[in-house]
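*Asks:* any chance you could fold what I've pasted below:
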Amino acid sequence: MRTVFLYAIAFFLSSMAISQESIPLDTLHWDINARAHVFEPFKGKDAIYLLGGSMSLKNAEFLNGTIEYDIYMTGDRGFPGVYFRVNGTNAEQFYIRPHQSGNPDANQAVALFNGITPWQFYFGPKYSFPYKYPVDRWMHIKIVVQDDNAQIYLDNSEKPNLSWKLFHNAKSGGLSFTGGLNTGVHLSNFTVKTEEHEIVNFNPGKREPIEGAIQQWQISDKFEEKLLDDPKSLQKVIDDRKWDETILLEEGVAANISRKVELRSQVPGNTVFAKINISSRNEVTRLFEFGYSDRVVVILNGKPIYTGNNGFRSRDYRYLGTIGLFDAVYLNLKKGNNALLLAVSENFGGWLVTGRFPNSAGLRIQ
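*Replies:* Numbers count the residues shown, from 1 in each chain. Next up is the predicted model:
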């Protein structure tokens, strides 16, 4: 009975913490899952040193409000940030890249889709901004969230540094903060105010769409990439698939496979087929431009005709693997129906596909 009473008190205190001026740094209020952590005074503040991993606010149900905290960084490579509206393997996210201080990709507004953070898709000035981070003092971070909109303020800026449209339908969920990698970061002064969520001067960035991009793809269930190694058994791999999902073009740029397929689940596999049917009035050869992440095998009418790798650092040590029309192949289309499949395999950073025909005359895409 005493245990039940103590649990009830802990639950009450943790639930109240979300509206407090400053959330205490202790294991009563936080679940910590990191390589290492230390609660300690640091540079004039009560802080936590977080090395890798994350710390999640217990019993938090955050929908709209203001999230604030302080961070003390080195310039070492890392990705400290915050997940909000966490629901299982889906969440909204903002994080910092201290090692990219001053660069256009010094930070990232993005989301978690079935466990994948597709920064290789949501990149550029719509989702990042250049910022020179202090490395010898505390920096304040404030995120304001209201319905479908969010804004970030760094270092007590009077104006938002970035405004963006959120990626998921508005649904309350958890709050989690992440630390650095090999060197870690210090965090302090966590506050969450659910009654304060005023969005001001909301001006989200714009993105140039890809003219003529394929609007939707039929998606198979996932399977192991190694099944693509033997061209003789490829047709069986195709025949064994289920085709229950369709993914749509987003922002006029690409389709996000991880919206519909969970990469790291109990079902093995890291590959799906993305399929379109092409009806041609005549036998023709047409150029098909496409993009993918991370790897691809292009299959026309059951025969593999192209393979490529667009993963992180796959083409040089600075290569990011972002999505774009960086590959192309000539398709020998027969008169009538043609099945075009892209077997897309993923490691991390975005499970993505896009494509277009620069000349689609006489073709009908289904």
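
*Asks:* all helices for the protein, in order.
*Replies:* Along the chain, counting by DSSP state H, helices occupy 2-17, 234-239.

*Asks:* and the shortest one, what's buried?
*Replies:* By neighbour count on 16 or more other Cβ atoms under 10 Å, the buried set for helix 234-239 is L234, V237, I238. For every residue, glycine as well, the C-beta is placed using N, CA and C.

*Asks:* that older thread, and the helices of the chain, which one averages the lowest pLDDT?
*Replies:* Mean pLDDT is lowest for helix 2-17 out of the helices of the chain, coming in at a mean of 44.

*Asks:* what sits closest to K334 if chain neighbours are left out?
*Replies:* E283 (5.6 Å; Cβ to Cβ, 6 or more residues apart in numbering).

*Asks:* residues contacting the one you found?
*Replies:* Residues in contact with E283 (Cβ atoms under 8 Å, 6 or more residues apart in numbering) are N332, L333, K334, K335.

*Asks:* output those residues in CSV, with neighbour count appended to each entry.
*Replies:* Below are these laid out as CSV (neighbours: other Cβ atoms under 10 Å):
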residue, neighbour count
N332, 13
L333, 24
K334, 13
K335, 12
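
*Asks:* where in the stretch 251-366 of the chain is pLDDT low?
*Replies:* Judged by pLDDT under 70, the stretch 251-366 of the chain has no weakly predicted residues.

*Asks:* where exactly do the strands run in it?
*Replies:* 254-256, 271-280, 284-293, 295-300, 303-309, 327-333, 336-345, 352-356, 363-365 (DSSP state E, counting those that start in this stretch).

*Asks:* show me what the first one is packed against.
*Replies:* Packing contacts for strand 254-256, counted by 3 or more Cβ pairs under 8 Å, 6 or more residues apart in numbering; DSSP states H and E, involve strand 245-250, strand 352-356.

*Asks:* let's have those in a markdown table, adding distance to F113 and mean neighbour count.
*Replies:* Formatted as a markdown table, the helices and strands packed on strand 254-256 follow (distance: least, Cβ to Cβ, whole Å; neighbours: other Cβ atoms under 10 Å):
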| stretch | distance to F113 | mean neighbour count |
| --- | --- | --- |
| strand 245-250 | 11 | 16 |
| strand 352-356 | 11 | 25 |
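
*Asks:* and those as JSON lines, adding distance to H99?
*Replies:* JSON lines is the format used below for the helices and strands packed on strand 254-256 (distance: least, Cβ to Cβ, whole Å):
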{"stretch": "strand 245-250", "distance to H99": "28"}
{"stretch": "strand 352-356", "distance to H99": "24"}
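
*Asks:* I67 versus E196, what's the distance?
*Replies:* The spacing between E196 and I67, counted by Cβ to Cβ, to the nearest Å, is 10 Å.

*Asks:* if V272 is in a bridge, with which residues?
*Replies:* Following DSSP bridges, V272 is listed with bridge partners V344.

*Asks:* quick one: closest of the helices and strands packed on strand 254-256 to F273.
*Replies:* strand 352-356 (10.0 Å; Cβ to Cβ).

*Asks:* list the contacts of that closest one.
*Replies:* 118, 120-121, 210-214, 217, 247, 249, 253-257, 274, 276, 288-293, 323-325, 342, 344.

*Asks:* list only buried entries from those residues.
*Replies:* Buried members of these, counted by 16+ other Cβ under 10 Å: 118, 120-121, 210, 213-214, 217, 247, 249, 253-257, 274, 276, 288-293, 323-325, 342, 344.

*Asks:* over to the closest residue in space to S314 that isn't next to it in sequence: give its phi and psi.
*Replies:* Nearest residue to S314 in three dimensions, chain neighbours excluded: G321, at 6.4 Å (Cβ to Cβ, 6+ apart). Dihedral pair for G321: phi 80, psi 20, per degrees, to the nearest 10.

*Asks:* and A361, what does it touch?
*Replies:* By Cβ under 8 Å, 6+ apart, the contact set of A361 is empty.

*Asks:* and what of S220?
*Replies:* By Cβ under 8 Å, 6+ apart, S220 lies in contact with R241, K242, W243, V272, F273, K275.

*Asks:* go with 10 Å
*Replies:* 237-238, 240-245, 261, 271-275, 341, 343 (Cβ atoms under 10 Å, 6 or more residues apart in numbering).

*Asks:* domain assignment for this structure?
*Replies:* Structural domains assigned to the chain are 12-193, 216-365, following automatic domain parsing.
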